[in-house]
Structures are given as C-alpha cells and as structure tokens.
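>>> Need the 3D shape of this:
(one chain, ligands or ions: 2)
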Amino acid sequence: MLFPKVLYLKKPYTDVAWERPRAMRVVGMEGSYNVNRVKSGISGFDELIDGGFPQGTTVLVTGPTGSGKTTFGVQFVYKGVELYDEPGVIVTLEERAQDLRREMKAFGWDIERYEREGKLAIIDGVSAVVGLPSEERFVLEDNLNAEDFLRYIYRVVKAVRAQRLLIDSIPSIAFRLREEKRIRSVLLQLNTILLEMGVTAILTTEAPDPARGKISRYGMEEYIARGVILLDFMERDVELKRYLLIRKMRETRHQMKKFPFEITREGIIVYPSGEVY
Ligand SMILES: Nc1ncnc2c1ncn2[C@@H]1O[C@H](COP(=O)(O)OP(=O)(O)OP(=O)(O)O)[C@@H](O)[C@H]1O
Ligand SMILES: [Mg+2]
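Ligands and ions are numbered 1, 2, ... in the order given. As a prediction, this is how the structure comes out:
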C-alpha cells in the first residue's frame, strides 16, 4: 500500500467512521470478564496478565531513564505485525524515526520492511521540532496545536488500519505542544480519542522516583491509563538488576510481584518464575 506523503487534516474527526472497541462480555455468575486479549509480544509477559492486554486498552509504561520503555513499546508494535499480523503505528517524539529504526535493528527488528508492506507506520515527531529536514512519509509539523496533533495520529492509525499504537512519550507531547500547563486536558482528549480509535495503546512516561511512589512525570498519567507497568532497576551485589511491576491492569487478574526482566539481543524477556528481593 502506498501512503500519501502529506495527510490533509482539514476535516473534523467526525467525517471518519468511528470504530468502537469490541464490546466486553461478562461470563458466569462470578462476574469475571471475558475480554478479547491482545498478545503483548513480550516474551514471558502475557502469563502475568491473564493472557494479554484487554483489547482497546491504554497502558502506561513508566520508569526511569534507560529502563526499557521505548524497547517495550516498539516490541509490542513490531511483534504485533510479525507474529499476529496486526498493523501498528509508532509515534516517536523523543528520537527521530531514522534513529529509532537503526537502534531497533540491533534486536533484529526490520521495521522498514513492514513500513514498505504498509503494516507499520512511524510518525516522526522530532525532526520538525529540532529544525531538521525529514524524508519521512509521516511527519508532525512544528507548532501544531493539540487538536491537530491528535487528528494527525488518528488519520495515520486509520490509514494503516492499526490495531496497536505506541506514543513515546507523554512528557515530549507536553514539550512539543508547549502546553505543559494544559497537559491534563490534552491527556483527557488523547484518552477519548484512543478509545474511539479502538487501538490497544502504549504510552510512555518518566518515573522520577518510583521508590517514593512518584511513578509519573505529571502525577496523573496513571489515572488516565487503564493499565500501568513500571520498569525499574534494583541494586543487588553492586549490580543493577531490571525488574517489572504491574501496578494496575483493569479487567484483568494480574500479578503484583516484581519480576526480573532482561533486555537481550532479541528484545525484552520477562521471567515469570523469577523473584526479585
Ligand atoms: N541491542 C541491545 N541489546 C541489549 N540491551 C540493549 C540493547 N539496546 C539497548 N539496550 C539496553 O536498553 C537500554 C535502553 O532502553 P530504552 O531506550 O528502551 O529505555 P528507555 O526507558 O526508553 O530510556 P529513555 O528514558 O532514555 O528514553 C540501554 O540503556 C541498554 O541497557
Ligand atoms: Mg525511550
């Protein structure tokens, strides 16, 4: 499939048919939910969350710098295409699309191939802001307001019929839109649009001090997301070990322990039977 280089965004959202997430079904008298599950593509992770993310949910992946947030999010979208034939969109607001592609090649992920096949799209939200020319097909212009920004993402999601979306990261949305003070209303808008799109989405944010409960940059991202995953480090024998904690996952029975994980040459691997002290 060929994409137009520029997506025109003059029409309101309402001219595009809304797709609602598939309805949930309540089974049995015990009130447990039978929700369609979306496989994460993260090795070892799905068994911690009842088989996968609830379809159409929004999950916040938070953690300090270098904890693996970008890798987690890209793996979710990339493996969605590779293993489950589910198209996806990556909105990169922290590094240029070309840098992301190169970094992800180290894990053996050939993003470009799926872009050519029209199954994966990267929206470059960096080049215009730093004043660099971009050869990308999907580019967010500088000086967009929140509405145009969200509308653009909506259009690209529809163009590739994406079922998975990564927005990396929330703090850079605020920075990019120069609307840090309005971040609350922008996030509420974003949340509504994500639900309308029906995609399963990962949003990333910074956790300034997880040990003291500060797990998000603005102290509110976790309330908007329906799931929260913390990626963090722990010191053991003068070495930093990675661990993952599921803080919340609506519609899901999930584990509440800290589980070790590694970033390997094939991406993130979680060890569900491992223990972290
Ligand atoms: N090819 C690789 N093989 C193994 N580990 C890697 C590889 N590439 C990156 N890593 C590890 O992953 C870390 C970076 O992960 P990632 O970029 O996903 O983190 P992040 O939480 O998004 O960081 P930031 O806050 O800087 O955006 C690196 O510091 C390194 O430890
Ligand atoms: Mg990152």
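>>> what residues does the protein put near ligand 1?
63, 65-71, 94, 106-107, 263-265 (C-beta under 6 Å from any ligand atom). For the C-beta atoms, the positions are set from N, CA and C on the backbone; glycine is no exception.
>>> And the residue of the stretch 101-250 of the chain closest to ligand 1?
Proximity of the stretch 101-250 of the chain to ligand 1 (C-beta to the nearest ligand atom) peaks at Ala106, 3.5 Å away.
>>> what's near enough to touch that residue?
Ala106 makes contact with Arg265, according to C-beta atoms under 8 Å, 6 or more residues apart in numbering.
>>> how close does it sit to Gly125?
22 Å (C-beta to C-beta, to the nearest Å).
>>> all strands of the stretch 101-250 of the chain, in order?
Remark: strands assigned in the stretch 101-250 of the chain by DSSP state E, counting those that start in this stretch are 120-124, 164-168, 200-206, 227-236, 239-249.
>>> can the ones you listed go into a markdown table with extra columns for distance to Thr58, mean pLDDT and mean neighbour count?
Output for the strands of the stretch 101-250 of the chain, formatted as a markdown table (distance: least, C-beta to C-beta, whole Å; pLDDT from 0 to 100; neighbours: other C-beta atoms under 10 Å):
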| stretch | distance to Thr58 | mean pLDDT | mean neighbour count |
| --- | --- | --- | --- |
| strand 120-124 | 17 | 98 | 25 |
| strand 164-168 | 9 | 98 | 26 |
| strand 200-206 | 5 | 98 | 27 |
| strand 227-236 | 7 | 95 | 19 |
| strand 239-249 | 11 | 96 | 18 |
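>>> Which pLDDT value goes with Phe3?
pLDDT for Phe3: 45.
>>> Same check on Tyr33?
pLDDT recorded at Tyr33 is 60.
>>> With the one 5 residues further on instead?
Note for Val38: predicted pLDDT of 98.
>>> gap between it and ligand 1?
20 Å (C-beta to the nearest ligand atom, to the nearest Å).
>>> ok, now which ones touch the most centrally placed residue in the chain?
By C-alpha atoms, centre = their mean, the chain has its centre lying nearest to Ile202, at 2.2 Å. The contact partners of Ile202, by C-beta under 8 Å, 6+ apart, come to 58-61, 72-73, 76-77, 164-167.
>>> Equivalent analysis for Ile90, please.
By C-beta under 8 Å, 6+ apart, the contact list for Ile90 reads 73-74, 77, 100, 120-123, 165-166, 168.
>>> Please confirm that it is located within a strand.
Yes: under DSSP: H, G, I helix; E, B strand; the rest coil, Ile90 falls within a strand.
>>> For it, list each beta-bridge partner.
On the basis of DSSP bridges, Ile90 is bridged to Ile122, Leu166.
>>> what's the pLDDT at it?
98.
>>> cool, Val16 as well?
At Val16, pLDDT is 38.
>>> Where does the prediction get shaky in this structure?
Scanning the chain for pLDDT under 70 picks out 1-33, 277.
>>> Now a ChimeraX select for only the buried ones of the residues of the chain next to ligand 1.
Here is the ChimeraX command that picks out the buried ones among the residues of the chain next to ligand 1, judged by 16 or more other C-beta atoms under 10 Å:
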select :63,67,68,69,70,71,94,107,263
